[in-house]
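**Q** Show me the folded form of this:
(2 chains)
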Amino acid sequence: MSLTLVPLVLAALAVAAALVYPRADRWGWSLAPILVGAWLAAAGEPVAGGLLAVGAAVGLAVDRRDDDVPRGFNSIVGRLAALGLGVFAALVLVVRFLALDAGLNPEAVLLGAIGLAAVLHLLARPGPTAESRTARAFVAAAAAAWVVASHPGSVSVGVISGMLVVLSLAGSGLAGLGWLPQPRVLPAGWRLGALGVVTLVVVLLPADASLGPPAAGLSLGGIGRAAVLAGAWTAAVAILGGVAVRAPSSPFPWAVVAAGFALAVLRFPLAASAVVLASAIGLPRTAREGGATAWSRVLVFASLAGTAAVAAGVTGRVQGDDAIATTVMLGSLALVAAAPFGWHFMRWTDGASPGLAAVVSGAFLPGALAALATMQPALAAVHASQRASIVLGIFGGITAILGGLYAMGATDWRSLAVRTTPGELGLAMISVAAFDTRGLEGAALTLALLALTRPVLMYADVLARRRGTGLVLTALALLGAAGLPPTLGFPARVLVLSSATRIGVAVAALAVAGVVLEVAAIAMVLRRRLARPASDGSGGDGWPLRALVVGTAVALLGGGLFPAAALHFVFRLGG
Amino acid sequence: MILSLQAYAPAALLLAGGLVLLVRPSTIVFVLVQLATLLALLRLSQIATFAVTVPLYEPLADIPIQLRLDRLSLFFATSAVAGALLVSLPWAGRRDLGVPLGWMVLAEFGALCAILSGNLQGLAAGWGAAVAALLMLVILPEPGAARLVRPGGAATRHLVLQLGGAVLLTMGAVAIEASAGTAGYDAVPIGAVDARAGLLLAASPILALATLAAAIRACRRPAAAAVMVTAVTLPMSAYVMARTVDLAGGRLLPTGVAVAIAAACGILSGVYGVYAMWAPDLGSAVSRMLNALGLLVVAAFALGGSTGLVALIAGYISLQLVAGSLLTLLHAGAGRLPGEGQLPRWAAGVVALVPLAALAGLVVGFGLDARLLLLRRLVELGPIGILAGVPLALAVVAIAAGAWAAARFGGGRLDGRRGVVQVGLILAALVGAEAAAPLLRETAVSLAAAASRVPVADVRSSAGAALPAGPLAVAVLVLVVAGLALVASRPRAFSSEDGLRGAPDMLPPTLAVVPGIAGRRLTQAGWARLVATSSGSGPGMRLFLLVAAWAGAALVVMLAGR
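**A** Numbers count the residues shown, from 1 in each chain, chains lettered A, B, ... in the order given. Predicted coordinates for the structure are as follows:
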């Protein structure tokens, strides 16, 4: 075994110690990333390793409250880690010793792992974090299965990937990392205004390379630009919507907007990890629902998995190609709320305020998807592009279907907007998975559609009561969400379905099923909640509403009739 | 005037008219828009003697929007607008019809774009635009309304099916583009449209025709339903099916699949025909029987071949005429067949009975022709076809019985002289078109020959001369109408209040009503349970999601293993 692997082994031991001795859990969980940082430094990536180690140390220092980790969390993690390792070991045995058919493809094993984890979950005792446990078990089983099945003859690959899985599980306890103080010293109005300005500056700075050398360095093209534009629009809608209903949200949404932009702008996953960790701390504080904690832990996991994978990819392929691809994708999937991680996201957004939910779904997640798209070259370079394409497409398809099924239970406009967001992201993921230009175009249009329609639907209870303007806006958003012409939804759907067809029949079938479920959910909500009166009857009017109507209508119809022009703006002007 | 401008004119007229009508509804503007569009289409039919492709613009790279003017598309486009003009002509001058004229014209615009499109993406876009207008018609019947309108259960189901159908059509278009490398009608090779892609393309029209009753319910008013069915749903659906057969080179489905689908359509059609006999009102009876006829058109599409294609076209025209006339009667008689009020007994009887006879296929014309051609095509397919013909033959009988039963809904009051003109116009159009059936049949034969790549003479020979031609056809038709007038003039045979003697009672029997009520209650309970589980975080939803994930994964593995 190479010496460079020693820190990884030690990290695994630290995790094991944390699992076995609950009193030492905080030290164990924190020591693991420090050791991973040491491994990164030894492998030739001192900056990344140093950042990770320092972040872990800082987290250890500030994470003094016991309530960050729910009571009994370690025992649950331990049980599920054992479960994941058991699944992993079983699969190793199956693949290595049972002489399976050579034609068995890794995807089949991956999917088998999904089913196995699901069945085990069904048999497990239900508890307050059952979904979280399922997600982790799923991650462990899927990652291990795919990696091992891809390299049945390589012990080292199996060991390393198993360690990564354990480390990922362990990472869920590091909620103290990346804590950033919120600007509480400013009055609420000042915070809103100042952060709005900062947001717009962050948006405008990378908008166009023609602004000069500083902007050129940060300028974006392609899907990153689409994410930035989507985020800017969502921020505007959230601001205007907040003004329209006379209920401005807390400043945190705008901080998340800025983070989402940074994620897309910087195009550097290591930096993105810090942003994600900050959000993981911030999200539970903005909502008191149970899903927030679980979702923040998923974000932490995503951050660590992505960090480890990309760093490993940079430092000379200590892992196997497929292992890199797997972890990159799993981290990204968690970020973009893919199934089954989306369960936490949906639970959280169901209870969050409309402004915050709009910002997160319209700005933060598109940014994360853009980060996934920027990783395409890395995925393609590890010689796993075809399998990665299929797996990513299947993940996207399953996300779309589960999102669609969940959306069938929507009971009002806001709920519809929230519940259809993961499905839409799943469709965008399918488009990204095609690994070609048209696929990226489809994802960009889907993100734009998400940003244009969902925030409007979140405020539809107020808007739909307005004779004329508000009503037309709601109807237009509805047409867009349903993917009907002449709105932007139609070209977005055409490109997504086209990408799914190029990936394979199975992904195409999943995509169609997801879209059909989504439109069925929209029709169901029409039946259930259209006649509901507004919640407070104090809907605002005036320029915010008119600005929303005109902007959304122009963007939805203009993008629908001239999608090529929209894509040209997105892809060519950015830099 | 240059060809491209003339090619854009019909769609541009409908678009402009629809937008104007959204802002300022007016029946006279509606009729004038239809008339102008029809004239523009007739002009196009004159100058487009061969297939012409006119580019419009390219919304996405390698996906152009273009119009294709050929005989098939112009035939369906012209018949659609003619149908709209026919059913709307009697409205001219009425101030408030209570129907959303703007959305109806925009739906027509979508249908016309789909029919005249030169490639599959344009076809899907046009279909989607028509569905979008239908959606708006349902939830926003008046653009100046205070709030969106909540659709009923049948309308919601119809919307779900239509929205899903639009997705399937789009999927079919991109699938064919992926396999053929192009989606333009001129360039798609015949082999690229296999049974799977063809069924994806045809799924939307099949769904539309199989749920005609729900479509009529979704439109709320018979007048709106008359326009939507005759000018949007029927032409668009029949065209897409005909174009699919055309792209597939005349033969789309394997014989076994085709016969199975035809038999299923026959069974469903028979069920609808029988179900119509227990309808609680004339609207339900008419919509169920039209649904049954729509399923016969689907059967003709499934059977394919040149004979099947002729049957499809004949069935489409028959259905369009019958739907237009019956829904107009429904509107004119305020939900019942026109009674004696402003008409003499025999005239009221003719007005009520001729459309019902046409629906039953008893009038010599398209309806009878379509039924005979359908059975002929089944005989062509051999013993398996004859076996599948049994449910279809029973369905024909059931539809006739349903039409007989529908004659019990008499006693409607016409709206003065305007009502008399309205029913007179529609009746004259119906009889005139049926009389011209042998002539129009030649058009259907030539269209079918072109689509199925078979010489016209062969199609004419295989389809056979089912109908009497020329003066003989007119004579037979006159005899039929005179016979119906004779029946209607005898008080013992036909009462304008109670309908035909022997028709079922006015109210449906309890046995027929109870299963429907029970089914509705069960469905409501099931949905309530699903909503309750999906909106909470209980174990039920988790179990549901996990089982769904497991099933999806298994499906993917199975598909990937092929």
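**Q** Could you check how far the residue lying closest to A:Ala410 once chain neighbours are set aside is from chain B?
**A** Closest residue to A:Ala410 apart from its sequence neighbours, by C-beta to C-beta, 6 or more residues apart in numbering or on different chains: A:Leu416 at 4.1 Å. No exception for glycine: its C-beta is placed from N, CA and C like everyone else's. A:Leu416 sits at a distance of 12 Å from chain B (criterion: C-beta to the nearest C-beta, to the nearest Å).
**Q** Can you give me every residue that contacts A:Leu416?
**A** Neighbour list for A:Leu416: A:407, A:410, A:457, A:481, A:521-522, A:525 [criterion: C-beta atoms under 8 Å, 6 or more residues apart in numbering or on different chains].
**Q** most surrounded residue in these?
**A** A:Leu457 (30 neighbours; other C-beta atoms under 10 Å in any protein chain shown).
**Q** Could you check which helix or strand contains the residue nearest to A:Ala410?
**A** Using DSSP states H and E, A:Leu416 sits within helix A:413-433.
**Q** following that helix, which helix or strand comes up?
**A** helix A:437-458.
**Q** could I have that next one exported to CSV, CA atoms only?
**A** The C-alpha trace of helix A:437-458 is given here as CSV (Å, rounded to 0.1, in the frame of the first residue of the first chain):
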residue,chain,number,x,y,z
THR,A,437,-23.8,21.3,-26.8
ARG,A,438,-27.4,20.7,-27.4
GLY,A,439,-27.8,19.0,-24.0
LEU,A,440,-26.2,22.0,-22.3
GLU,A,441,-28.6,24.3,-24.2
GLY,A,442,-31.5,22.2,-23.0
ALA,A,443,-30.3,22.5,-19.4
ALA,A,444,-29.8,26.2,-19.8
LEU,A,445,-33.3,26.7,-21.1
THR,A,446,-34.7,24.5,-18.3
LEU,A,447,-33.0,26.5,-15.7
ALA,A,448,-34.3,29.7,-17.3
LEU,A,449,-37.8,28.2,-17.2
LEU,A,450,-37.4,27.2,-13.6
ALA,A,451,-36.4,30.7,-12.7
LEU,A,452,-39.1,32.4,-14.7
THR,A,453,-42.1,30.3,-13.6
ARG,A,454,-41.6,28.9,-10.1
PRO,A,455,-41.2,32.2,-8.3
VAL,A,456,-44.3,33.5,-9.9
LEU,A,457,-46.2,30.4,-8.9
MET,A,458,-45.0,30.9,-5.4
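**Q** which parts of the longest strand belonging to chain B are buried?
**A** As assigned by DSSP state E, the longest strand anywhere in chain B is strand B:52-60. For strand B:52-60, burial by neighbour count (16 or more other C-beta atoms under 10 Å in any protein chain shown) applies to B:52-54, B:56, B:59-60.
**Q** other SSEs contacting that strand?
**A** Applying 3 or more C-beta pairs under 8 Å, 6 or more residues apart in numbering or on different chains; DSSP states H and E, one finds that strand B:52-60 contacts helix A:489-503, helix A:563-571, helix B:3-23, strand B:63-69.
**Q** Please save the CA atoms from that strand in PDB.
**A** Extracted C-alpha coordinates of strand B:52-60, given in PDB (Å, rounded to 0.1, in the frame of the first residue of the first chain):
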ATOM      1  CA  VAL B  52     -44.200  23.200 -51.600                       C
ATOM      2  CA  THR B  53     -42.100  23.800 -48.500                       C
ATOM      3  CA  VAL B  54     -42.000  27.400 -47.300                       C
ATOM      4  CA  PRO B  55     -39.500  28.200 -44.600                       C
ATOM      5  CA  LEU B  56     -40.400  30.600 -41.800                       C
ATOM      6  CA  TYR B  57     -37.500  30.900 -39.400                       C
ATOM      7  CA  GLU B  58     -35.200  28.700 -37.300                       C
ATOM      8  CA  PRO B  59     -36.000  29.000 -33.600                       C
ATOM      9  CA  LEU B  60     -33.300  26.500 -32.700                       C
END
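**Q** Paired strands for that strand, with orientation please.
**A** In the sheet, strand B:52-60 lines up against strand B:63-69 (antiparallel) (DSSP bridges).
**Q** And for the strand it pairs with, what's in contact with it?
**A** A:494, B:7-8, B:11, B:44, B:48, B:51-59, B:116-119, B:121-122, B:125, B:183-186.
**Q** what do you get if the cut-off is 7 Å, keeping everything else the same?
**A** With contact meaning C-beta atoms under 7 Å, 6 or more residues apart in numbering or on different chains, strand B:63-69 is reached by B:7, B:44, B:48, B:51-59, B:116-119, B:121-122, B:185.
**Q** what's the answer for stretch B:75-88, then?
**A** Residues contacting stretch B:75-88 (C-beta under 7 Å, 6+ apart): B:10, B:30-31, B:34-35, B:37-38, B:41-42, B:45, B:108, B:111-112, B:115-116, B:226-227, B:230-231, B:235, B:238-239, B:317, B:320, B:324, B:328, B:426, B:429, B:443, B:447.
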